[in-house]
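Q: mind looking at a prediction? Sequence and model below.
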Amino acid sequence: LNVPDEVLVERCVGRRTDPENGKIYHLKFNPPPADDAVQARLVHRSDDTEEAMGKRIVQYKANVDAIKGFYKPITMEFDGVGDKMDLAKNVAEFISK
């Protein structure tokens, strides 16, 4: 999936988890309920920071670059920013070939 680094960082930094029910929210894209009790118990992982995500992205790219050529004949790149249902359909079509 091709996703710009700044989008990955935004998705990571805004993530919150409710430890009571395991639900994952995003402050912008999937906000938690406006319930004070839920808001109070949300957890922001200590490594969900811009700095930590930047390091993860660098390592991910290095890992992918190391093997990308070997798998090139059986892979396809997809835009990971568009509509998730369209993405799922496109990936399913590619896999079924």
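A: Looks like it came in fine.
Q: pLDDT below threshold where in the chain?
A: Filtered on pLDDT under 70, the chain yields no residues whatsoever.
Q: ranges for the helices of it?
A: Listed in chain order, the helices found in the chain under DSSP state H are 5-13, 36-41, 50-71, 84-96.
Q: and these, which is most packed in?
A: Ranked by mean neighbour count under mean count of other Cβ atoms under 10 Å, those are led by helix 5-13, which reaches a mean of 15. Heads up, the C-betas are built off the backbone N, CA and C, glycines and all.
Q: ok and that one relative to helix 50-71, angle-wise?
A: If you take axes from the mean of the first three to the mean of the last three Cα atoms, to 10 degrees, helix 5-13 sits at 120 degrees to helix 50-71.
Q: elements contacting helix 5-13?
A: helix 50-71 (3 or more Cβ pairs under 8 Å, 6 or more residues apart in numbering; DSSP states H and E).
Q: pull the residues that contact the helix it packs on.
A: Contact with helix 50-71 is made by 5, 8, 9, 12, 13, 75, as judged by Cβ atoms under 8 Å, 6 or more residues apart in numbering.
Q: how close does the fourth one get to residue 65?
A: Per Cβ to Cβ, to the nearest Å, residue 12 is found 21 Å from residue 65.
Q: picking that back up, in the contacts of helix 50-71, find the pair that's most separated.
A: For the contacts of helix 50-71, the farthest-apart pair by Cβ to Cβ is 13 and 75; their separation is 28.7 Å.
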